[in-house]
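# need a structure here:
(one chain, ligands or ions: 2)
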Amino acid sequence: MTKPRIALYWCASCGGCEEAVLDMAEGLLRLTSSVDIVFWPAVMDTRYAELTDFPDGSIHASLINGAIQQEDHVHMARLLRRKSQFVIASGACAHLGGVIGLANLNRPEDILRRVYTGADTAVNPNGVIPGGSPDADISRPLKRVYPLDRIVAVDYYIPGCPPPPALIEKALTRLIENMPPDKGRVLAETQALCHFCPRKNSLPSGSLLISKFKRLHETCWDPSVCFLRQGLICLGPVTRGGCESRCISGNMPCRGCFGPLDAVTDQGGKALSFMAALMAADTEAQASAAVAAIPDIAGLCYRYSLAASVLEPIFSESS
Ligand code: SF4
Ligand code: SF4
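Numbering: from 1, shown residues only. Ligands and ions are numbered 1, 2, ... in the order given. Below you'll find the predicted structure:
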């Protein structure tokens with residue numbers, strides 16, 4: 001009997017999501033015993049020409065990570081969509097644009113100039129910038145970064161930066177065993193991270209008012225007590241659970257990589273409104289002082305979701 005075909009591909013990715021698949025360890029062996037991995041350029045010697053030769057719809061599932069930032073990402077996403085019955089956006093970058101989506105705070109040409117000629121480590125006496133020649137046969141950056149579903153239809157999302165290997169295995173197993181979840185689902189918990197947090201018993205149950213948000217280096221925090229209770233921003237209340245509380249267990253507050261809950265459209269907007277509700281500020285001046293204590297409000301609230309935000313044009317214009 002022919003095994004279901006699986007493809008894996010990375011677009012604008014740091015490689016962490018590829019490593020998460022490898023971190024499935026024995027799970028990867030279990031997977032490969034029941035599927036044929038036909039395309040995985042980060043790990044296997046598979047060729048573009050082999051992919052184009054597959055009939056449309058003949059790949060069972062394609063797992064795509066990374067944001068869409070270049071012309072070739074658009075091309076590959078469309079090709080894999082055509083070849084696959086299911087497309088899964090894997091990881092925060094494919095899901096919501098991720099950290100790479102923060103590039104939308106700047107123009108692509110300014111980013112290239114900074115990286116290739118302005119950075120302290122750049123040695124580039126002739127000021128050569130990739131794509132500088134209109135004849136160069138290379139993939140060019142798009143004007144902005146997109147989550148995968150702005151380019152092709154996505155059937156499922158596996159959240160996280162990177163996603164826990166167990167979530168990836170569970171998602172692929174369900175598809176291979178022909179038990180697909182409802183289309184469009186984010187394949188993690190439906191409740192917020194606080195619900196699963198080992199520190200949840202110290203999460204303040206009544207109202208909590210914070211006059212100044214502390215930064216991690218400004219305080220000695222108790223590793224057993226809820227970060228919010230200690231005046232440290234933790235986005236657990238506005239972030240989907242299912243991450244195994246990895247950051248909290250490592251004594252770091254949540255920064256939102258699992259994205260928003262189902263009913264929320266704009267994760268950063270929700271985070272801003274949550275933080276505003278916590279501020280002990282009666283006047284505009286007090287509120288401004290509380291916000292001023294946070295050096296990069298867009299980078300905090302939209303660390304993983306700027307490219308999917310409805311407010312992004314406001315941030316982009318003001319940068
Ligand atoms: S989601 Fe995180 S780990 Fe995955 S590609 Fe993006 S930055 Fe890397
Ligand atoms: S706010 Fe953060 S530390 Fe507190 S219970 Fe929620 S996830 Fe845990």
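
# can you pull the contacts of the residue of the chain found nearest ligand 1?
Ligand 1 sits closest to Gly16 of the chain, with a gap of 2.6 Å, by Cβ to the nearest ligand atom. The C-beta positions use only the backbone N, C-alpha and C, and glycine is treated the same way. Gly16 is in contact with 91, 161-162, counting by Cβ atoms under 8 Å, 6 or more residues apart in numbering.

# neighbour-wise, which of these leads?
In terms of neighbours by other Cβ atoms under 10 Å, these top out with Gly91 at 32 neighbours.

# That residue contacts Gly15, correct?
No - using Cβ atoms under 8 Å as the test, Gly91 is too far from Gly15 to be in contact (10.6 Å).

# On the pLDDT front, check the spatially most central residue of the chain for me.
Geometric centre of the chain, nearest residue: Ala92, 1.4 Å, by Cα atoms, centre = their mean. At Ala92, the model reports a pLDDT of 98.

# what distance separates the start and the end of stretch 216-228?
End-to-end distance for stretch 216-228: 12 Å, by Cα to Cα, to the nearest Å.

# Contact partners for the closest residue to ligand 2 within the chain?
Residue nearest to ligand 2 within the chain: Gly236 (2.2 Å; Cβ to the nearest ligand atom). By Cβ under 8 Å, 6+ apart, the contact list for Gly236 reads 192-194, 197, 227-228, 248, 253-254.

# At the contact with ligand 1, which residues of the stretch 101-250 of the chain appear?
161-162 (Cβ under 6 Å from any ligand atom).

# where does the stretch 101-250 of the chain dip in pLDDT?
The stretch 101-250 of the chain contains residues with pLDDT under 70 at 132-136.

# Ala276: neighbour count?
Ala276, neighbours per other Cβ under 10 Å, totals 12.

# ok, it - contacts?
Taking Cβ under 8 Å, 6+ apart, we find Ala276 in contact with Ala287.

# Neighbours of Gly57, how many?
By other Cβ under 10 Å, 10 other residues sit near Gly57.

# helix, strand or coil for it?
Under the three-state scheme (DSSP: H, G, I helix; E, B strand; the rest coil), Gly57 adopts coil.

# doesn't Val87 make contact with it?
No - when contacts are counted by Cβ under 8 Å, Gly57 is not listed as touching Val87 (11.5 Å).

# Which pLDDT value belongs to the residue of the chain closest to ligand 1?
Value listed for Gly16 in the pLDDT field: 98.

# and what of Asp45?
pLDDT recorded at Asp45 is 94.

# In a strand, it, correct?
No - Asp45 is assigned coil when assessed by three-state DSSP, not a strand.

# burial measure for it, as a count.
When neighbours are counted by other Cβ under 10 Å, Asp45 registers 6.

# and if you look at Ala280?
Around Ala280 there are 13 other residues, counting by other Cβ under 10 Å.

# ok, now Ile111?
Neighbours of Ile111 under the rule other Cβ under 10 Å: 14.

# Do I have it right that it meets Leu102?
No - Ile111 is beyond contact range of Leu102, at 10.3 Å (criterion: Cβ under 8 Å).

# roughly how far is stretch 84-95 from the heart of the chain?
Centroid separation for stretch 84-95 versus its chain: 11 Å, with Cα atoms, centre = their mean, to the nearest Å.

# Ends of that stretch, what's the gap?
18 Å.

# Quick check: residues of the chain near ligand 2?
Residues of the chain lying near ligand 2 (Cβ under 6 Å from any ligand atom): 193-194, 197, 199-200, 203, 226-228, 234, 236-237, 248, 253-254.

# among these, which two are most distant?
For the residues of the chain next to ligand 2, with distances taken as Cβ to Cβ, the pair at the greatest spread is Lys200 and Pro253 (13.6 Å).
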